[in-house]
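# I'd like to go over a predicted model; first the sequence, then the structure.
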Amino acid sequence: MASTISSLGIGSGVLTSDVIDQLKAADASRFVKPLESKVELNSKEQEAYGLVVTYMNTLKSNISSLSYDTLFDNTTTDVSGNAKVVVSSGANVESFSLETTTLAKKEVTQFGSLANEEATISSGSGTYTITVGAGTASETSYDIAYDSTTTLSSFAQKITDIAGSKVSASILETSDGAFNLVLSSQNTGAAQALSFSDTDGVGGGDGTGTINNQFKLYDASTNTDGYQEIQAAEDAAFKYNGIDITRDTNNITDLIVGVDITLTQEGDFSNVTIKQDNSTVVDEMSSFVENYNTLIANLNDMTIYDKATGARGVFQGNSFIKSIGRDITSAVTQIKNGDSLVNYGISLSRDGSMTFDASAFEEKLNSDPDAVKSFFTGSTDSNGNDVEGLFTSLNTKMKSYTGYGKQLSSFETSLKTDATNLERRRLSAQESLDAKYEIMAKRFAAYDSIINRTNSSFQSVQMMIDSLSSK
């Protein structure tokens, strides 16, 4: 085919390949180029759509945060003293004082020393009883059996195995050749006091049982090797706003709802102030305004038509994209329950952009935080009916656009369907055009051949005429 086209015009000088190219280019401009332009526009529309979705989701994130009342429950805590105070979301704004008299402590008892960890603790068999909280409602006893083969280390292990949930057992080398069993309560509080007895039945473990003297009560006259209390179990004692309070732990979680207090030092006096933290809400509002402006500005650019310059946005004339900006602006500026964002530091300019006066908004938060919270997130009226907040309403509005199967998703499906159809039509038009001019090239070649033969015959006749004329 290429040789046929390259030889066109030899006979006629008219039916050349340039003529075919010009005709084909003219038809391509009429039938193919418009479809190519539409395919290109659709590609730009899909790119622009991706930006719209990004801007919409970003704004939706701000709106969603502002629609939840937990955002308004953030607090900050100032503590002058050594007490540690952790405040959970929703805790009441208040101030109080803490004066620590006594810290809660564990019981710690040290037993007499043995030569090494493998030294035996008895010359015979018996039962050693450890009682936690004797005389209290939580009194618990643990019986530890031993015999003449029980070593210091195995005895400590038995205590761990049997009473480990309440009693901690360890062996401490206090000096060279001196190994002491140390027992302590696992928990703090006066009810965690430890007491001991042996199988002889004499209270206090100071009887004549077979266990070594190191495991019987210390006595300066009769048993200087016996066990001694190193630290007594005690409750925490402190004053809350001057009121005497005791607890069995230094971590107080049941005094104030949402407030976790840890006492750290005896004699400490701490003043605690829990204040409303407005910074998170203010920052979220500032981000909302910024992302709203970004969305509206881009929607305007995508749908604009400038008569003076002829500039057109990629979605110029698209009613759906144009309606998004109007719909969201209308929802943002609506009057809700007799109130609007104008009263919260928000103003709207003629070009649709929004400005935010953070100081005015924070002043509103400080003066009436509950009113701001109710307007933003909703409330319950006197009849127990739910009253929708502005940002609760906006969140619903944004959900109607974003997410699978929603308006933007349907619009994307439409764009992709158009892209498929346009590409199919473009290919079909191109194939039709190629076929048409392939046939035309063959016809031109045939016509040119005829003309060439006619020209050759005419030249022969002309030569005969010229020869006769010369004679």
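Yep, it's here. Just so it is clear, the model here is predicted, and its values are computed rather than measured. Numbering: from 1, shown residues only.
# pretty sure residue 384 is in a helix, no?
No: looking at residue 384 with DSSP: H, G, I helix; E, B strand; the rest coil, it is coil, so not inside a helix.
# What pLDDT does the model give it?
In this model, residue 384 is scored at 82, pLDDT.
# Kindly report the same for the one 3 residues further on.
At residue 387, the model reports a pLDDT of 87.
# same deal with the one 5 residues further on?
With respect to pLDDT, residue 392 scores 94.
# my read: it touches residue 378, true?
Yes: counting by C-beta atoms under 8 Å, residue 392 touches residue 378, with 4.9 Å between them. C-beta here means a position set from N, CA and C on the backbone, and glycine is covered the same way.
# just the strands in the stretch 1-150 of the chain please.
Here the stretch 1-150 of the chain has its strands, by DSSP state E, counting those that start in this stretch, at 75-80, 84-87, 94-102, 108-114, 126-132, 140-146.
# now the stretch 351-471 of the chain
Counting by DSSP E, counting those that start in this stretch, the stretch 351-471 of the chain has these strands, from start to end: 354-356, 379-380, 386-387.
# so which of those strands is the most packed in?
Among those, ranked by average contacts under mean count of other C-beta atoms under 10 Å, first place goes to strand 354-356 (a mean of 17).
# which stretch among the strands of the stretch 1-150 of the chain comes nearest residue 359?
Of all these, it is strand 75-80 that lies closest to residue 359, at 18.5 Å by C-beta to C-beta.
# Averaged pLDDT, the closest one. What do you get?
Mean predicted lDDT for strand 75-80 stands at 92.
# Out of the strands of the stretch 1-150 of the chain, which gets nearest to residue 290?
For residue 290, the closest of these is strand 75-80, at 24.5 Å, according to C-beta to C-beta.
# All the helices of this protein, residue numbers only.
2-6, 17-31, 33-66, 152-163, 279-303, 319-332, 358-367, 369-377, 390-399, 407-470 (DSSP state H).
# By mean pLDDT, show me the worst of these.
Looking at the helices of the chain, the bottom one is helix 2-6 with a mean of 46.
# any chance of the strands of the stretch 351-471 of the chain in CSV, plus distance to residue 60?
Formatted as CSV, the strands of the stretch 351-471 of the chain follow (distance: least, C-beta to C-beta, whole Å):
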stretch, distance to residue 60
strand 354-356, 16
strand 379-380, 23
strand 386-387, 22
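# do you know which of the ones you listed lies nearest residue 268?
It's strand 379-380; of these, that one is closest to residue 268 (C-beta to C-beta) at 41.3 Å.
# That closest one: partners in the sheet, and parallel or antiparallel?
Using DSSP bridges, strand 379-380 pairs in its sheet with strand 386-387 (antiparallel).
# mind checking how far the strand it pairs with is from the chain centre?
Here strand 386-387 is found 28 Å from its chain centre; the criterion is C-alpha atoms, centre = their mean, to the nearest Å.
# what does stretch 65-82 give?
On C-alpha atoms, centre = their mean, the centre of stretch 65-82 falls 18 Å from that of its chain.
# Could you list the buried residues of that stretch?
65, 66, 67, 71, 72, 73, 74, 75, 81 (16 or more other C-beta atoms under 10 Å).
# Repeat that for stretch 51-64.
Going by neighbour count (16+ other C-beta under 10 Å), the buried part of stretch 51-64 is 52, 53, 55, 56, 58, 59, 60, 62, 63, 64.
# Please list the outside residues in contact with it.
284, 287-288, 291-292, 294-295, 298-299, 302, 321, 324, 328, 391, 394-395, 398-399, 401-402, 408, 412 (C-beta atoms under 8 Å, 6 or more residues apart in numbering).
# Could I have the ChimeraX command that selects the buried members from these?
Here is the ChimeraX command that selects the buried residues among those (16+ other C-beta under 10 Å):
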select :284,287,288,291,292,294,295,298,299,302,321,324,328,391,394,395,398,401,408,412
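# Excluding covalently adjacent residues, which one is nearest to residue 48?
residue 314 (4.7 Å; C-beta to C-beta, 6 or more residues apart in numbering).
# Using TSV, please lay out the helices of the chain together with distance to residue 214.
Below are these laid out as TSV (distance: least, C-beta to C-beta, whole Å):
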stretch	distance to residue 214
helix 2-6	111
helix 17-31	107
helix 33-66	65
helix 152-163	9
helix 279-303	60
helix 319-332	80
helix 358-367	67
helix 369-377	65
helix 390-399	71
helix 407-470	79
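# tell me the most buried of the ones you listed?
Of the helices of the chain, the one with the most neighbours on average (mean count of other C-beta under 10 Å) is helix 390-399, at a mean of 20.
# chain center to it: distance?
The answer for helix 390-399 is 20 Å, by C-alpha atoms, centre = their mean.
# One more: stretch 54-67?
Put simply, stretch 54-67 sits 14 Å off its chain's centre (C-alpha atoms, centre = their mean).
# cool, and stretch 69-87?
In this view, stretch 69-87 has its centroid 22 Å away from the chain centroid, taken as C-alpha atoms, centre = their mean.
# just stretch 48-63 next, same as before
17 Å.
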